[in-house]
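>>> Quick one: sequence plus predicted model below, questions after.
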Protein chains: 2
Amino acid sequence: MATIYQVSELAGVSLATVSRVMNNSPRVSDTTRTKVLAAMEQLGYRPNSIAQSLASNRSNSVGILVSELHGPFYGEMLSGIENECRAAGKHVIIAAGHSEEASEIDGIEFLISRSCDALILHVEAVSDDYLIKLAEGKLPIVLINRYIPQLAANCICLNNELGGYLATRQLLQQGHRQLAYIAGPMWKSDAKDRYAGHLRAMAEYGVKVNPALFAEGDFQDSSGSRCMQQLLDSGLAFTALVCANDEMAAGAIETARQRGLNLPQQLSIVGFDNLILARYIHPKLTTIDYPIGEMGRMAARWVLKNIYQQQTIRLKNVFEPALICRESACHFDAANQTA
Amino acid sequence: MATIYQVSELAGVSLATVSRVMNNSPRVSDTTRTKVLAAMEQLGYRPNSIAQSLASNRSNSVGILVSELHGPFYGEMLSGIENECRAAGKHVIIAAGHSEEASEIDGIEFLISRSCDALILHVEAVSDDYLIKLAEGKLPIVLINRYIPQLAANCICLNNELGGYLATRQLLQQGHRQLAYIAGPMWKSDAKDRYAGHLRAMAEYGVKVNPALFAEGDFQDSSGSRCMQQLLDSGLAFTALVCANDEMAAGAIETARQRGLNLPQQLSIVGFDNLILARYIHPKLTTIDYPIGEMGRMAARWVLKNIYQQQTIRLKNVFEPALICRESACHFDAANQTA
DNA sequence: TAGTATGATGTAAGCGCTTTCATTTATAGC
DNA sequence: GCTATAAATGAAAGCGCTTACATCATACTA
């Protein structure tokens, strides 16, 4: 492995000049630059980026912390970020936090220790205080799907309340008046906000909410099945169901089918997230689009603009969900209902 | 940020002693060790791992190159690797190669430049020669889903031929004798091997292969749809279909449903991979399990054993597929067939 | 007590690169 | 040609840590 010393010797210049060429400094004449580049090529020189990072305290890399490395949601987000950074010549370093405080902190410290120039964080367990203190340090951070008022300019979020509203309004517009709701874990703000949107739409249409038609899941498909069973076992009539995410909708659909319900004629279902699996569920799931890929790209653009001064585009912190109509929800028709 | 100099001053020892404590050297007395640890704790000392890497040419990290950051396949593999490494106190650094030679090389060089202690590679575009030469260097590599005879001990693969055999045999055992096949891109070794397994099972059951009941897709679900249309348009009769992966099976199922086929009574379908989506397809997909999570864990164990000397377990290079029976394939029954 | 071996600690020299400040060179204007 | 200014280049000092070899302290044996 050739070093900067060997390049400087072959080119007949100092280390500092080689460094300037490497880093595109204007303080190098074209003649000298050509000489140095030729020496680099002859030696097959590759900069040692560890040494660069130690000397400069920068790494040309963006650190990303996600909850998990698997799953359609995180895959889309990571791809969105990575594609945007790669296009700008930046690398990413990815860590997983597993939604546990200690593990999230460990991941963040790993990224810091790697001299990442900025952090893009999707974290759930660490406290607001920890993040606020982190943001007070020299390392810029962007939060995805986590809103902290003190760091509002650094937060990139989906308008979950509007998503819940849109999901519910669709069913109401289709004539349904007896709606059940399967929620995510209600300590999570996105689960709470989606439910708030649901309540807003119900109120707007003057439909009374029956608390017995509410069940709380954990965002996994098995809890969707469980909640669906609970709702059906209650014996209460409902012709439509809003699920706080697609996976729980998938579980609910499976249970409904096992119970002999004709879908969507006897029960219309709307999910949330527009995961790739929504297209494979039968009937194809009507859902709310969560543009996580685009949000990842926006986080990357935030970094490129604020840290690397590379972009002049307008940044966007709040993303709007969109209704995606497929086949799992249809117009209410009393003739389809069995007692 | 406290440095090693500040720790050595507070503890009243040399830099080397602090370094020895940090790196668990036996050449430190318990008295001194306690003193140094107390100084570290008082100062909130965190080692600068960039400096550690530069000085030691090691990083306590394993580099991973995958084709993409999204998708169930890569997510499972990444999670498998990361979980195993994390449990052993190692970090991972992940890069994406996008199945393009230049991008794969760029990703590998990024990982090398970060002083990764070993590389786990899932690469498609770079040549065998490149990888052989890379393996001759000082940096140990493990290949997932890529078999190179000269590097056999470093390759972790699935027995794709057996998977294709199992998929086809299942349908033959269920009484089917007119089988169609949707292949992956036949320049890819896994696509080729799976088809070879299909041919073996057909020969074993003495069933003649009709070349007109073969279509080549690209592993994406849209090509599954296209190939299915092609097969149905041929007007040739077939009661069962083997698809070289689950995504193409999903596309084929959608097309069959649109053409009014009753599934699985009129057409039995088997996929390959056991992606998570297989459970959401309706009818639930009978498929071949590809234990990519476990293979990722095995790759990590290879590294832990060979680089870090941490494991004494028996390593496994070839993984066997398994048949997963669900609902998309049923016994052949002539009464179900329409002319 | 002296000599030897072992364990513990310290000193010094990097690892490959960046960057500040000093020095040199080139250019423009008078 | 001289002077002032700007551009270009070089020298030197780290960045935070590792580690080989030198040195010191201690225990054991003859």
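Happy to help now that I have it.

>>> quick one: secondary structure of A:Val62?
Using DSSP: H, G, I helix; E, B strand; the rest coil, the structure places A:Val62 in strand.

>>> contacting residues around it?
With contacts taken as C-beta atoms under 8 Å, 6 or more residues apart in numbering or on different chains, A:Val62 has the following neighbours: A:81, A:85, A:90-93, A:116-120, A:300, A:303. C-betas here are computed from N, CA, C, even on glycine.

>>> So what sits opposite it in the bridge?
Per DSSP bridges, the residues bridged to A:Val62 are A:Val92, A:Ala118.

>>> can I assume A:Ser19 sits in a strand?
No: with three-state DSSP as the criterion, A:Ser19 is located in helix rather than a strand.

>>> burial measure for the closest residue to it other than its chain neighbours, as a count.
Using C-beta to C-beta, 6 or more residues apart in numbering or on different chains and skipping the chain neighbours, the partner closest in space to A:Ser19 is A:Ile4 (6.8 Å). As a burial measure, the neighbour count of A:Ile4 was computed by other C-beta atoms under 10 Å in any protein chain shown and equals 19.

>>> and if you look at A:Leu119?
Counted with other C-beta under 10 Å, the neighbours of A:Leu119 add up to 24.

>>> Could you check how far it is from A:Phe238?
44 Å (C-beta to C-beta, to the nearest Å).

>>> Can you pull the domain assignment for chain A?
When chain A is parsed with automatic domain parsing, its domains come out as A:4-47, A:58-158, A:160-290+A:323-336.

>>> Go through these and name the closest to DNA strand C.
The stretch from these with the least distance to DNA strand C (C-beta to the nearest atom of the strand) is domain A:4-47; that distance is 3.2 Å.

>>> Close to DNA strand C: what parts of chain A are there?
When proximity is defined by C-beta under 7 Å from any atom of the strand, chain A lies next to DNA strand C at A:1, A:3-5, A:15-16, A:18-20, A:22-23, A:47-48, A:51-52, A:54-56, A:58.

>>> re the thing from before, the residue nearest to A:Ser19: what's it in contact with?
Taking C-beta under 8 Å, 6+ apart as the criterion, A:Ile4 is in contact with A:Leu15, A:Val18, A:Ser19, A:Met22, A:Tyr45, A:Pro47.

>>> okay, these in CSV with distance to B:Arg27 next?
Putting the contacts of A:Ile4 into CSV (distance: C-beta to C-beta, whole Å) gives the following:
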residue, distance to B:Arg27
A:Leu15, 36
A:Val18, 39
A:Ser19, 38
A:Met22, 39
A:Tyr45, 38
A:Pro47, 35
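
>>> Any chance of those in JSON lines with neighbour count and pLDDT as columns?
As requested, these are arranged in JSON lines below (neighbours: other C-beta atoms under 10 Å in any protein chain shown; pLDDT from 0 to 100):
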{"residue": "A:Leu15", "neighbour count": "13", "pLDDT": "94"}
{"residue": "A:Val18", "neighbour count": "27", "pLDDT": "95"}
{"residue": "A:Ser19", "neighbour count": "19", "pLDDT": "95"}
{"residue": "A:Met22", "neighbour count": "17", "pLDDT": "93"}
{"residue": "A:Tyr45", "neighbour count": "20", "pLDDT": "93"}
{"residue": "A:Pro47", "neighbour count": "17", "pLDDT": "92"}
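
>>> now the strands for the stretch 51-200 of chain A?
Ranges of strands in the stretch 51-200 of chain A, per DSSP state E, counting those that start in this stretch, are A:61-66, A:91-96, A:118-121, A:141-144, A:155-158, A:179-183.

>>> What residue in the stretch 201-339 of chain A comes nearest to chain B?
Minimum separation of the stretch 201-339 of chain A from chain B (C-beta to the nearest C-beta) falls at A:His282, amounting to 3.3 Å.

>>> ok, that residue - contacts?
Residues in contact with A:His282 (C-beta under 8 Å, 6+ apart) are B:Ile281, B:His282.

>>> Could you pull up the mean pLDDT of stretch A:119-132?
Averaging the model's pLDDT scores along stretch A:119-132 yields 94.

>>> I meant stretch A:170-180, not that one.
If you average the pLDDT values across stretch A:170-180, you get 96.

>>> Determine how far the last residue of that stretch lies from the first.
14 Å (C-alpha to C-alpha, to the nearest Å).

>>> Need the contact partners of that stretch.
Identification of contacts with stretch A:170-180 by C-beta under 8 Å, 6+ apart yields A:168, A:201-202, A:205, A:207, A:210, A:213-215, A:231, A:236-242, A:268, A:270, A:286, A:323, A:325, A:329-333.

>>> Any idea which residue of the stretch 151-300 of chain A lies closest to DNA strand C?
When distances are taken as C-beta to the nearest atom of the strand, the stretch 151-300 of chain A approaches DNA strand C most closely through A:Ala300, which lies 23.0 Å from it.

>>> Excluding covalently adjacent residues, which one is nearest to that residue?
With sequence-adjacent residues excluded and distances taken as C-beta to C-beta, 6+ apart, A:Ala300 is closest to A:Glu84, at 3.6 Å.

>>> separation between the one you found and DNA strand D?
A:Glu84 sits 30 Å away from DNA strand D when distances are taken as C-beta to the nearest atom of the strand, to the nearest Å.

>>> which residues sit in contact with that residue?
Neighbour list for A:Glu84: A:Gly296, A:Arg297, A:Ala300, A:Arg301, A:Leu304 [criterion: C-beta under 8 Å, 6+ apart].

>>> For the last one, which non-adjacent residue is closest in space?
Closest residue to A:Leu304 in three dimensions, ignoring its sequence neighbours and counting by C-beta to C-beta, 6+ apart: A:Gln310, at 4.4 Å.

>>> what's around that neighbour, how many residues?
The number of residues packed around A:Gln310, counting by other C-beta under 10 Å, is 14.

>>> go on, A:Gly224?
For A:Gly224, the neighbour count with other C-beta under 10 Å is 30.

>>> Need the phi and psi values for it.
In terms of degrees, to the nearest 10, the main-chain angles of A:Gly224 are phi -60, psi -40.

>>> so it sits right up against A:Glu247, yeah?
Yes: using C-beta atoms under 8 Å, A:Gly224 is in contact with A:Glu247, at 6.5 Å.
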